[in-house]
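Attaching a predicted model along with its sequence, questions to come.
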Amino acid sequence: MKVLGLDEITIHKGHGHYRLVISAPELGIVLDVLSDRSKETLEAWFEQRGTTWCDNVEVCCADMWDAYHTVAKTKLPNAQRVVDRFHVTRNLNDAVTTARRTIQKQADEATQALLKGCRWLLVKNREKLTDEEQAQLDKMLEASPELKTCYDLKEDFRTWFDKTTDRKTADKLLSEWQDKAKATKLRSLQAFVRTLDNWREGILNYFNGRHSNGFAEGVNLKIKLLNRRGFGYRNFAHFRLHILVAFQPTSR
């Protein structure tokens, strides 16, 4: 097994109980579903696989849940640990949303009205906006130069992920982007810059092979569909077996 994806899923919204889905994107299968995402549970799972199995893992991709990376560091000694780009981008989108609220509160009444309910216009990829949405976005950004700076940073960050071809260049461009974000003085962006500092190595490791949890995100959608079809599984063991069967190669 060369590449592993670790991604949690919560079936019942608001309950805060996470299941950990372990997938092998190169094979297109789910290896297992664990009852929780704790450090101890994941350690035990790797220990069951054995040292030889763990030594053969070359890449482990996960979000910024510390337990995943802590366990991977000790149990997968030869694996490059990659922070999933989609979770990083989601983190930035949240920061942009918070910044927009701050800017809106400090704006005059006319600008406040223009910025109201504009969250999705800001975080949605520009090429996916309709002509009407693009026109509305342009009006918003024209009314608030500070928000335009924030939006441009968000788009530049997406371009950085999409277009940068090597880790060395990515490292340099990321530092330049962080300097621009710091200059805005917006608290939410400052916090995001600190997040980038804390997870820098894992984020930059993406550019070594462009591994992500894209497959795992698709898995999560299918798992939620399975849960709906089963009218909500109360027995975790049964639910786990249904998931494993659904993602075996013969079922595709």
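Thanks, I have it. Numbers count the residues shown, from 1 in each chain.

Buried residues in the helix or strand harbouring Phe157, which are they?
Assigned by DSSP states H and E, Phe157 belongs to helix 145-163. Buried residues in helix 145-163, counted by 16 or more other C-beta atoms under 10 Å: Glu146, Leu147, Thr149, Cys150, Tyr151, Leu153, Lys154, Phe157, Arg158, Trp160, Phe161. Bear in mind the C-beta positions are built from the backbone N, C-alpha and C, glycine included.

could those go into TSV alongside distance to Lys116 and pLDDT?
Formatted as TSV, the buried residues of helix 145-163 follow (distance: C-beta to C-beta, whole Å; pLDDT from 0 to 100):
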residue	distance to Lys116	pLDDT
Glu146	16	91
Leu147	13	92
Thr149	20	94
Cys150	16	93
Tyr151	16	93
Leu153	22	96
Lys154	19	95
Phe157	25	97
Arg158	25	95
Trp160	30	97
Phe161	30	96
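
low-confidence ranges in this protein?
Within the chain, the ranges that satisfy pLDDT under 70 run 1, 11-16, 230-234, 249-252.

Spatially nearest residue to the residue nearest the centre of it (excluding sequence neighbours)?
The chain has His87 as the residue nearest its centroid, 1.3 Å off, counting by C-alpha atoms, centre = their mean. Spatial nearest neighbour of His87, chain neighbours left out: Asp63 (3.9 Å); criterion: C-beta to C-beta, 6 or more residues apart in numbering.

quick one: the strands in the stretch 1-150 of the chain?
In the stretch 1-150 of the chain, the segments counted as strands under DSSP state E, counting those that start in this stretch are 3-9, 19-24, 29-34, 59-62, 80-83.

Within the sheet, what are the partner strands of the second one, with directions?
Strand 19-24 pairs in its sheet with strand 3-9 (antiparallel), strand 29-34 (antiparallel), by DSSP bridges.

the helices in the stretch 151-252 of the chain, which residues?
Using DSSP state H, counting those that start in this stretch, the helices found in the stretch 151-252 of the chain span residues 167-183, 187-198, 200-204, 206-209, 214-229, 236-246.

Identify whichever of those helices lies nearest to Lys124.
With C-beta to C-beta as the criterion, Lys124 lies closest to helix 214-229 of the helices of the stretch 151-252 of the chain, at 17.1 Å.

ok, and what's touching stretch 35-54?
The contact list for stretch 35-54 (C-beta atoms under 8 Å, 6 or more residues apart in numbering) reads 1, 6, 8, 17-20, 22, 32, 34, 65, 67-68, 70-71, 74-77, 236.

What residue spans form the domains of the chain?
Here the domain parsing of the chain from automatic domain parsing is 3-84+212-251, 85-200.

With respect to burial, which of the strands paired with strand 19-24 scores highest?
The highest average neighbour count among the strands paired with strand 19-24, using mean count of other C-beta atoms under 10 Å, belongs to strand 3-9 at a mean of 22.
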